[in-house]
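In: Got a sequence here, can you model it:
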Amino acid sequence: MVDFEQVQKLRDYANITFEEAKKALEETNGDLLEAVIKLEKENKIHRPEAAGYYSSQSEGRSEEDSAKFQSRHNSHHKGQSFREIVTAFLRWCGGIIHKGNINSFEVLQDDSRIITLPVTVLVVLLLFAFWIVIPLLILGLFFGCRYRFSGPDLDKPAVNQAMEKVSQATARAVDTVVNAVEHMTRDGDKDKGETNGAHSDH
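Out: Next up, the predicted model:
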């Protein structure tokens, strides 16, 4: 069985068409070395100088010729692997950016949406202006803002429930602080009233 990777390797190595590479591999049962030798015999690729026709089953093939072919194949394979790694990395980056663009970060207040940003924009802002964005996000919690993600990948109950819990905890903390301040203010006013009453008695 001939797979795409084998065909691509032979095609890149021999600089031939996809069909020619596939045909050569099929005729040699997927043996790359045999396919190269076959293509050399058919003058579709140039043979190395001072090299004869050899078969992978023949005893006449010298170890030196095998080593030369292996060396050429390995050096080509390394270059191809690097190219594949770069291509795969760029494809991965493209996929991440695409996901960031189709998912959104929302800022809500009193169940109305104030701001909607693509996640890609949020990540860029966090990377390059985190000293502004993070304090604003924290400050927003104290003013009753809630945050949630929407979109096909991030609109998950677990994610948004966690963010909702943070918002609720912050709201409770703000209420506690406000109640404590009001209580202290009332106590202060009460103490002032009692002090003023004591002075008026004298």
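
In: Where do the helices of this protein begin and end?
Out: Secondary structure of the chain, counting by DSSP state H: helices at 4-14, 18-27, 32-41, 63-102, 119-142, 157-201.

In: from those, which stretch is densest packed?
Out: By mean neighbour count, with neighbours taken as mean count of other Cβ atoms under 10 Å, helix 32-41 ranks first of those at a mean of 19. C-beta coordinates here come from the backbone N, C-alpha and C atoms, glycine included.

In: average pLDDT across that helix?
Out: For helix 32-41, mean pLDDT is 84.

In: same check, this time on stretch 117-137
Out: Computed over stretch 117-137, the average pLDDT equals 90.

In: any low-confidence regions in this protein?
Out: 1, 46-80, 191-202 (pLDDT under 70).

In: Let's see that with 90 instead.
Out: Within the chain, the segments meeting pLDDT under 90 span 1-101, 103, 105, 107-115, 122, 126, 130, 133-134, 137-202.

In: how is it carved up into domains?
Out: The chain breaks down by automatic domain parsing into domains covering 4-99, 104-201.

In: re earlier: ok, which of the helices of the chain comes nearest residue 148?
Out: Evaluated with Cβ to Cβ, the helices of the chain place helix 157-201 nearest to residue 148, the distance being 4.7 Å.

In: and the closest one with helix 119-142, angle?
Out: Per axes from the mean of the first three to the mean of the last three Cα atoms, to 10 degrees, the angle that helix 157-201 makes with helix 119-142 is 30 degrees.

In: Grab the most central residue of this protein for me.
Out: The centroid of the chain falls nearest to residue 96 when counting by Cα atoms, centre = their mean (4.2 Å).

In: Distance check, residue 85 against residue 91.
Out: The spacing between residue 85 and residue 91, counted by Cβ to Cβ, to the nearest Å, is 11 Å.

In: re the thing from before, would you convert the helices of the chain into a markdown table that also reports distance to residue 109?
Out: As requested, these are exported to a markdown table (distance: least, Cβ to Cβ, whole Å):
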| stretch | distance to residue 109 |
| --- | --- |
| helix 4-14 | 54 |
| helix 18-27 | 58 |
| helix 32-41 | 65 |
| helix 63-102 | 24 |
| helix 119-142 | 8 |
| helix 157-201 | 10 |
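
In: nearest to residue 110, of those?
Out: With Cβ to Cβ as the yardstick, what comes closest out of these is helix 157-201 (12.1 Å).

In: so how far is stretch 102-109 off the chain centroid?
Out: How far stretch 102-109 lies from its chain's middle: 20 Å, per Cα atoms, centre = their mean, to the nearest Å.
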